[in-house]
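Participant: Sequence first, then the predicted structure:
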Amino acid sequence: MGRIPQEIIDQVLDRTDIVEVVSDRIQVKKAGRSFKACCPFHNEKTPSFIVSPEKQIFHCFGCGAGGNAIGFVMKYENMEFPEAVRILAAKAGVDIPRYEQRDAERDSIAARLYEINRLAAAFYQNALRSEGGRKALEYLKGRGMNSDAMNEFRVGYAPDEWEALRRYCEKKNVPPDLLRKAGLTIPSTKGKGDYDKFRNRIMFPIFNERGNIVAFGGRVLDDSQPKYMNSPETPIYNKSNVLYGLNSGKKSIREKGRAVIVEGYTDVIMPFQYGVTNLVAASGTALTSGQVRLLKKYSDTAVMVFDADQAGEAASLRGLDILLESGMNVKIAALPEGEDPDSYVRKNGKEGFEQALDNAKGLFEYKLDLLIEKLGERDIGGIADEMLPTISRINNAVVQSDHIRRLAERLGVHEASLRYEMGKVKPDYSYHYESEVKIDGDPRNYRSSEIHLLGLAISDRKMFKRLSEELGLGMFRDIKVSRVLGVVGDCYREDSGSINPGKLISRLEGDEGAKAAVVQALAKLDITKDREKALNDCMTCVRREARDEKLKELSVRLKKAQDKNDDPEIRSILEKINRIHKEKVI
């Protein structure tokens with residue numbers, strides 16, 4: 001794959017405002033010269049995510065994430081560097097050489113799988129409107145789904161044939177191995193090639209957050225089993241990190257301030273058809289931490305819609321505790337017996353459905369009422385056994401304490417006894433949550449004085465010059481800081497002006513540790529009042545650290561020489577130690 005020229009990258013960054021890029025994806029608020037937000041890359045209640053329009057970088061003081069506009073898009077959208085540059089270039093009106101784009105797409109498995117899925121979706125859509133798809137189309141219309149909704153969600157039909165899609169893709173020159181990799185065909189056990197995975201099913205394309213089709217769900221037209229069949233996991237599809245409908249509903253979720261979580265495909269499509277557009281579905285699986293992180297980008301309130309069967313089971317509420325762990329406000333909307341979101345919105349319309357959402361109860365109240373109804377008020381132990389694990393998942397100590405107080409009042413027991421029992425609660429109850437994904441970022445602890453000097457060097461050409469001449473870049477022991485200083489020197493030699501931090505980071509692509517060093521250095525620079533004094537103090541500190549490490553090294557050598565009774569070596573080392581002690585560190 002050809003590399004995108006640095007001058008093109010610089011041009012993209014020149015025409016891109018990082019505040020606009022970030023605010024298109026998360027809510028930010030003005031805070032002095034910068035903008036603040038809750039970090040989209042880890043769970044937090046107090047904003048520690050800063051966007052600097054002056055430096056054109058972002059930095060989270062909580063998890064350490066940071067970088068320029070390209071880095072933000074890469075991390076937020078989970079994409080590679082060339083793809084992020086192309087997205088920003090398109091918005092900024094910067095042309096990227098055509099050969100670059102062809103090379104990137106040819107070499108990207110993900111891009112090819114997206115294209116194959118797009119072809120498959122078009123094939124299924126055409127099949128739905130063909131003679132062979134008449135029964136499926138009548139079924140959907142009978143369920144009240146109109147053409148606009150079918151088109152919005154690209155609903156289709158997989159013909160009742162063994163090789164219909166495979167033959168279609170063969171004509172489009174799609175390699176059989178990629179069709180299999182996309183999860184659309186299955187190898188025959190009889191060695192007669194591949195056959196279609198989905199046959200005689202209504203097809204629901206599954207989109208990722210950016211609107212690319214990553215998988216499919218297929219539903220039968222009768223009572224045969226399995227009722228639903230989904231694509232297997234592929235290089236572009238991990239069901240734990242995808243929410244059905246998020247691509248269509250994310251704007252509405254942000255505007256309305258709440259995400260409505262339902263169970264299946266039609267539970268998203270039918271309310272959407274009626275104008276309720278802030279819905280997503282976990283597609284029959286328990287919510288995962290990855291899905292919750294997706295939701296938190298757009299809202300900190302989730303309304304779970306339960307049908308009557310789900311609503312009557314305390315066990316079905318346990319999976320929602322993962323929302324509490326993430327600091328989300330969780331509510332429950334229970335529908336009447338025999339209703340699901342699909343049927344309920346058809347009977348009651350948009351206003352009736354939204355009224356049910358507005359009447360949703362908080363998870364604490366809903367679960368407590370349910371348990372009291374099922375177990376009776378006298379079963380204090382049983383109720384506490386179910387409620388305390390839920391309360392323990394709340395990260396906010398004040399909210400947690402308030403819930404314990406309210407539970408004690410409802411049960412007629414002392415708060416102290418509930419607190420004592422909560423101390424016994426196992427973190428995972430009798431079930432397990434998906435382990436939290438480790439936050440990306442460089443875990444290194446940079447030397448404080450070196451990282452401080454790096455920030456000063458980036459901020460001012462004269463300080464970089466003093467640093468080079470009075471201290472010497474060879475004195476820096478951290479390899480990442482040293483590398484960045486080398487690039488800083490290149491930037492000053494190429495341009496007589498100041499350094500754009502966003503562009504500097506773009507020159508460190510592929511070295512996350514070096515990019516993290518830049519972000520940390522600039523964060524430290526922001527709280528430096530007297531930069532001249534800081535420069536002198538930090539240079540002295542670096543010299544002192546170098547001296548101390550040299551003394552430590554000589555002490556180890558002296559011990560070895562003494563163990564061997566090597567007198568000449570002992571005298572030589574002692575002379576070096578004495579000379580170092582006589583030298584002044586200034």
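Facilitator: Arrived safely, thanks for sending.

Participant: Please give the element, helix or strand, for Val21.
Facilitator: Assigned by DSSP states H and E, Val21 belongs to helix 18-23.

Participant: Give the rounded mean pLDDT of that helix.
Facilitator: For helix 18-23, mean pLDDT is 92.

Participant: Tell me the buried residues in that helix?
Facilitator: By 16 or more other CB atoms under 10 Å, the buried positions in helix 18-23 come out as Ile18, Val19, Val21, Val22. Yep, even glycine has a C-beta here, placed from its N, CA and C like the rest.

Participant: Tell me the one of the residues you listed nearest Leu522?
Facilitator: Set against Leu522, the nearest of the buried residues of helix 18-23 by CB to CB is Ile18 (13.0 Å).

Participant: For that closest one, give me its contacts.
Facilitator: Val51, Ser52, Pro53, Gln56, Ile57, Phe58, Asn68, Ala69, Phe72, Gly502 (CB atoms under 8 Å, 6 or more residues apart in numbering).

Participant: quick one: which of those residues is most hemmed in?
Facilitator: Highest neighbour count within the contacts of Ile18, by other CB atoms under 10 Å: Phe58, with 31 neighbours.

Participant: Report the beta-bridge partners for the residue nearest to it when sequence neighbours are not counted.
Facilitator: Leaving out its chain neighbours, the residue that sits closest to Phe58 by CB to CB, 6 or more residues apart in numbering is Val51, at 4.8 Å. Applying DSSP bridges to Val51 yields these beta-bridge partners: Phe35, Phe58.

Participant: can you pull the contacts of Val51?
Facilitator: If you count contacts by CB under 8 Å, 6+ apart, Val51 has them with Ile18, Val19, Val22, Val28, Ser34, Phe35, Lys36, Ala37, Ile57, Phe58.

Participant: can we see that at 7 Å?
Facilitator: Ile18, Val19, Val22, Val28, Ser34, Phe35, Phe58 (CB atoms under 7 Å, 6 or more residues apart in numbering).

Participant: can you check Val242 too?
Facilitator: With contact set as CB under 7 Å, 6+ apart, Val242 has these partners: Ile206, Asn208, Val214.

Participant: I'd like the mean pLDDT over stretch 64-83, please.
Facilitator: Taken as a whole, stretch 64-83 carries a mean pLDDT of 88.

Participant: buried ones in that stretch?
Facilitator: Buried residues in stretch 64-83, defined by neighbour count with 16+ other CB under 10 Å: 64-76, 79, 81-83.

Participant: repeat for stretch 264-282
Facilitator: 264-274, 276-282.

Participant: Would you map the helices across the stretch 51-200 of the chain?
Facilitator: With helices called from DSSP state H, counting those that start in this stretch, the stretch 51-200 of the chain shows them at 69-77, 81-92, 98-107, 109-128, 134-142, 147-152, 164-171, 176-181.

Participant: Report all helices and strands that the second one contacts.
Facilitator: Spelled out, it's helix 81-92. Under the contact criterion of 3 or more CB pairs under 7 Å, 6 or more residues apart in numbering; DSSP states H and E, helix 81-92 touches helix 6-14, helix 69-77.

Participant: ok, and what's touching the first one?
Facilitator: Contacts with helix 6-14, where a contact means CB under 7 Å, 6+ apart, come from 56, 68-69, 85, 88-89, 92, 94, 96, 502-503, 506-507.

Participant: Equivalent analysis for the last one, please.
Facilitator: Counting by CB under 7 Å, 6+ apart, helix 69-77 makes contact with 13, 16, 18, 21-22, 25, 40-41, 56, 58, 65, 81, 84-85, 87-88, 210, 440, 502, 505-506, 515, all of which sit outside it.

Participant: winner for burial among the helices of the stretch 51-200 of the chain?
Facilitator: helix 69-77 (a mean of 22; mean count of other CB atoms under 10 Å).

Participant: Would you mind writing the CA trace of that helix as PDB?
Facilitator: Coordinates of each C-alpha in helix 69-77 appear next as PDB, following Å, rounded to 0.1, in the frame of the first residue of the first chain:
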ATOM      1  CA  ALA A  69      -7.900  15.000  14.900                       C
ATOM      2  CA  ILE A  70      -6.800  11.900  12.800                       C
ATOM      3  CA  GLY A  71      -5.900  10.000  16.000                       C
ATOM      4  CA  PHE A  72      -9.300  10.900  17.500                       C
ATOM      5  CA  VAL A  73     -11.200   9.600  14.400                       C
ATOM      6  CA  MET A  74      -9.000   6.400  14.400                       C
ATOM      7  CA  LYS A  75      -9.800   5.700  18.000                       C
ATOM      8  CA  TYR A  76     -13.400   6.700  18.100                       C
ATOM      9  CA  GLU A  77     -14.400   5.000  14.800                       C
END
